[in-house]
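Enquirer: A structural model of the following input is requested.
(one chain, ligands or ions: 1)
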Amino acid sequence: MVELIKVSKRYPPDVTALSSVSLSVDRGEMFFIIGRSGAGKTTILKLISSMEPPTSGLVEISGQTIHRLKGGKLAKLRQKIGVAYQDFKLLTDRTAAENIAISMEVSYKKPQIIRNRVRSLLEQLDLADKHDTITGELSRGEQQRVTLARAVANSPTMVLVDEPTGNLDADTTERVVKLLQNSHKSGATVIIATHDESIYRNTSCRIMELRQGAIHSIVRGDQA
Ligand SMILES: Nc1ncnc2c1ncn2[C@@H]1O[C@H](COP(=O)(O)OP(=O)(O)OP(=O)(O)O)[C@@H](O)[C@H]1O
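Expert: Numbers count the residues shown, from 1 in each chain. Just a heads-up that it's a prediction; the model follows:
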C-alpha cells in the first residue's frame, strides 16, 4: 500500500528531517511510528499524504508515485486518505458536527447517513454534547478528537494520525485507540505517529523507531 524508497527530506535552509528511509506498510496494516521530538515522524506522514514532496527518493501509494500525480488523480487519492495532524486545522467558525460531516459531503453521501455517522463518532469520542458547539470554543483535547473523527468519518482506505492522544486523559485515550482500531478492523491502513507509549504498549502491530531522521528499528509490538 505505502512504499518509501530511499526517501530523504531536507527543509530549507539546511535541516535534514529524513535521510534515505525505505519502508513498506501493507494494505490494512496498523503501523506505529515512534521517536523523540524532531526525529522525523510528522515529516513521514506529510510525505505519505503528499503535503510535502521528498527531496529525493520515491513515495508510492498503491503503486503510484504520489508526488508525480496532479489535478484530478491527486485529488482522488487524497479523498481516500484521512489525516489528523496537529496543524491540520478545523474550521473554527463551524460546529463539531459540521467539521466532521465535510469529508462525507464532498463525496455526496446521503444526509441521513452523514447525520448518523457524525452522531456515532461524537458518541464514541465522548463528545455527544458538543455536536452543535463551534469548534473554536472547544478545548484542545476536544478539537483533537473532532479532527480525528473528521479523518475517519468517510471510511478512508488510509488513516494518518499525528499524536492522537497528546492532550488526553487515560479514559479518553482509550476511546481514541478504540476508534483507530475500529478503522483498522474495517480494513483501513492506519499509520500513527506518537510519543504515547500507552497506545502501543500492548499492540502486536509493527512499531518503527526513528532516530534523527533514520530508521533505528522496526519490531513487532509483542517483542518490543
Ligand atoms: N517546515 C519546516 N521547515 C524547517 N524545518 C522543519 C519543518 N518541519 C519540520 N522541520 C524540522 O525537521 C525535523 C523533523 O521534524 P518532524 O516534525 O518531522 O519531527 P517529529 O518527530 O514529528 O517531532 P515532534 O514529535 O516534535 O512532532 C526537525 O528538526 C524539525 O525542526
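
Enquirer: how about the worst-scoring helix or strand of the chain on mean pLDDT: buried residues?
Expert: Counting by mean pLDDT, DSSP states H and E, the chain has its least confident helix or strand at helix 71-79, which shows a mean of 86. Neighbour-count burial for helix 71-79 flags 77, 78 (criterion: 16 or more other CB atoms under 10 Å). C-beta here means a position set from N, CA and C on the backbone, and glycine is covered the same way.

Enquirer: Toward the C-terminus, what is the element adjacent to it?
Expert: strand 81-84 (DSSP states H and E).

Enquirer: Run through who's touching that following strand.
Expert: For strand 81-84, contacts defined as CB atoms under 8 Å, 6 or more residues apart in numbering pick out 45, 48-49, 51, 103, 144, 147-148, 150-154, 156-162, 164, 188.

Enquirer: Tell me who's in contact with residue 130.
Expert: Neighbour list for residue 130: 96, 122, 138, 142, 146 [criterion: CB under 8 Å, 6+ apart].

Enquirer: go with 10 Å
Expert: Neighbouring residues of residue 130 by CB atoms under 10 Å, 6 or more residues apart in numbering: 95, 96, 97, 122, 137, 138, 139, 142, 143, 145, 146.

Enquirer: Give me the subset of the residues you listed lying in helices.
Expert: 96, 97, 122, 142, 143, 145, 146 (DSSP state H).

Enquirer: residue ranges with poor pLDDT in this structure?
Expert: For the chain, the stretches with pLDDT under 70 are 88, 223-224.

Enquirer: For it, just list every one of the strands.
Expert: With DSSP state E as the criterion, the chain has strands at 2-11, 15-25, 30-34, 56-61, 64-65, 81-84, 158-162, 189-193, 206-211, 214-220.

Enquirer: any chance of those strands in JSON lines, with mean neighbour count and distance to the ligand too?
Expert: Formatted as JSON lines, those follow (neighbours: other CB atoms under 10 Å; distance: least, CB to the nearest ligand atom, whole Å):
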{"stretch": "strand 2-11", "mean neighbour count": "18", "distance to the ligand": "3"}
{"stretch": "strand 15-25", "mean neighbour count": "17", "distance to the ligand": "3"}
{"stretch": "strand 30-34", "mean neighbour count": "23", "distance to the ligand": "8"}
{"stretch": "strand 56-61", "mean neighbour count": "18", "distance to the ligand": "14"}
{"stretch": "strand 64-65", "mean neighbour count": "12", "distance to the ligand": "21"}
{"stretch": "strand 81-84", "mean neighbour count": "23", "distance to the ligand": "13"}
{"stretch": "strand 158-162", "mean neighbour count": "24", "distance to the ligand": "7"}
{"stretch": "strand 189-193", "mean neighbour count": "25", "distance to the ligand": "6"}
{"stretch": "strand 206-211", "mean neighbour count": "19", "distance to the ligand": "7"}
{"stretch": "strand 214-220", "mean neighbour count": "13", "distance to the ligand": "12"}
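
Enquirer: Now render these as JSON lines, adding distance to residue 128.
Expert: Putting these into JSON lines (distance: least, CB to CB, whole Å) gives the following:
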{"stretch": "strand 2-11", "distance to residue 128": "34"}
{"stretch": "strand 15-25", "distance to residue 128": "33"}
{"stretch": "strand 30-34", "distance to residue 128": "26"}
{"stretch": "strand 56-61", "distance to residue 128": "34"}
{"stretch": "strand 64-65", "distance to residue 128": "39"}
{"stretch": "strand 81-84", "distance to residue 128": "20"}
{"stretch": "strand 158-162", "distance to residue 128": "22"}
{"stretch": "strand 189-193", "distance to residue 128": "24"}
{"stretch": "strand 206-211", "distance to residue 128": "33"}
{"stretch": "strand 214-220", "distance to residue 128": "36"}
